[in-house]
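Undergrad: Following is a predicted model, sequence given first.
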Amino acid sequence: MSADAERPTPDEPAADPLPMIQRYTPGVPYVHGMTISHRIFRTGLGVLPALVRSVRPGDRDHARRLRRHYDMVSSSLDRHHGYEDEHIWPTIVERAPADAALAHRMETQHARVAQHLAALPTAWDAFQDDPQPATGEPLADRLDALCAALNEHLDDEEQHLLPLLQRYLSVEEWNAFSTYATKATRPYHLLLEGGMIYRQMSPEEMADMTRLEPAAMWGIKLVSRPVYRRYERRLTTPTRRRSRRPALSRH
């Protein structure tokens, strides 16, 4: 894309994104891996509005499980966006100044997502303390708004920014992102995230990721998948009601 080509303004979508190599190619940053990773946020947060609305009144255990899940995924999202803001967007501004407006648009979208995240803890607290429609519906509405803002951002980034990253970042610079994410995430959460994305990967993506990270992919197949299946059942299942046994009479 030439420097004098027409560029989008911060609030307008780019018209003609650069072509991007989708498949893993040695010597080229596998930026499609970002699309795969984004599914952690799309799915992990996207399931929550319906689950919150499904919680039985008074089921505090189920409400707490949903809150822990939200905290895990939102913390991962916060780290992900923080790394991009500190390392990725400034690199694009420096190396592709004609595309600086795109990088600044990403920063603006990050700020919008952060505003939605900041509004959620109070709603979660109210729901955890007293799970019922009166507290669940406002929380679910806020989660819907977060997901809408997040998906708009991720769609924009995947379409317009990833091709730029593939062009202007080295393989080492790109791999540093995933290395940071792995080191910054708790091991159990890594297992859950691996299981979450594995079930959504196409055969081509599985093949590419196996070539890129063979040991990690074997770990996901053998360990992450069953761990995540158990976790998902607990996340989506109401707390079992405990039946009261009659007291034994003493003679």
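TA: Arrived safely, thanks for sending.

Undergrad: Centroid-nearest residue for this structure?
TA: In the chain, the C-alpha nearest the mean C-alpha coordinate belongs to residue 41, at 1.8 Å (Cα atoms, centre = their mean).

Undergrad: Just the element for the closest residue in space to that one that isn't next to it in sequence, please.
TA: Closest residue to residue 41 apart from its sequence neighbours, by Cβ to Cβ, 6 or more residues apart in numbering: residue 77 at 5.1 Å. All C-beta atoms are positioned from the backbone trio N, CA, C, and that covers glycine. Taking DSSP states H and E as the criterion, residue 77 maps to helix 60-83.

Undergrad: Just the C-alphas of the next helix-or-strand element following that helix, formatted as CSV.
TA: Counting by DSSP H and E, the next helix or strand C-terminal to helix 60-83 is helix 89-95. Output of helix 89-95 as CSV, limited to C-alpha atoms (Å, rounded to 0.1, in the frame of the first residue of the first chain):
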residue,chain,number,x,y,z
TRP,A,89,0.7,0.0,17.9
PRO,A,90,3.8,2.2,18.4
THR,A,91,5.8,-0.1,16.1
ILE,A,92,3.2,0.4,13.4
VAL,A,93,3.2,4.2,13.8
GLU,A,94,7.0,4.2,13.6
ARG,A,95,7.4,1.8,10.6
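
Undergrad: Kindly export the next helix or strand after helix 89-95 (C-alpha atoms) in PDB.
TA: Using DSSP H and E, the helix or strand that directly follows helix 89-95 along the chain is helix 100-118. Presented in PDB, the C-alpha positions along helix 100-118 are these (Å, rounded to 0.1, in the frame of the first residue of the first chain):
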ATOM      1  CA  ALA A 100      -0.800   5.600  11.800                       C
ATOM      2  CA  ALA A 101      -4.500   6.400  11.800                       C
ATOM      3  CA  LEU A 102      -5.300   2.600  12.000                       C
ATOM      4  CA  ALA A 103      -3.100   2.200  15.000                       C
ATOM      5  CA  HIS A 104      -4.700   5.100  16.700                       C
ATOM      6  CA  ARG A 105      -8.100   3.700  15.900                       C
ATOM      7  CA  MET A 106      -7.100   0.500  17.700                       C
ATOM      8  CA  GLU A 107      -6.100   2.600  20.800                       C
ATOM      9  CA  THR A 108      -9.400   4.400  20.800                       C
ATOM     10  CA  GLN A 109     -11.300   1.100  20.500                       C
ATOM     11  CA  HIS A 110      -9.200  -0.300  23.400                       C
ATOM     12  CA  ALA A 111     -10.200   2.700  25.500                       C
ATOM     13  CA  ARG A 112     -13.900   2.000  24.700                       C
ATOM     14  CA  VAL A 113     -13.600  -1.600  25.700                       C
ATOM     15  CA  ALA A 114     -11.800  -0.600  28.900                       C
ATOM     16  CA  GLN A 115     -14.700   1.700  29.800                       C
ATOM     17  CA  HIS A 116     -17.100  -1.200  29.500                       C
ATOM     18  CA  LEU A 117     -14.800  -3.400  31.700                       C
ATOM     19  CA  ALA A 118     -14.600  -0.700  34.300                       C
END
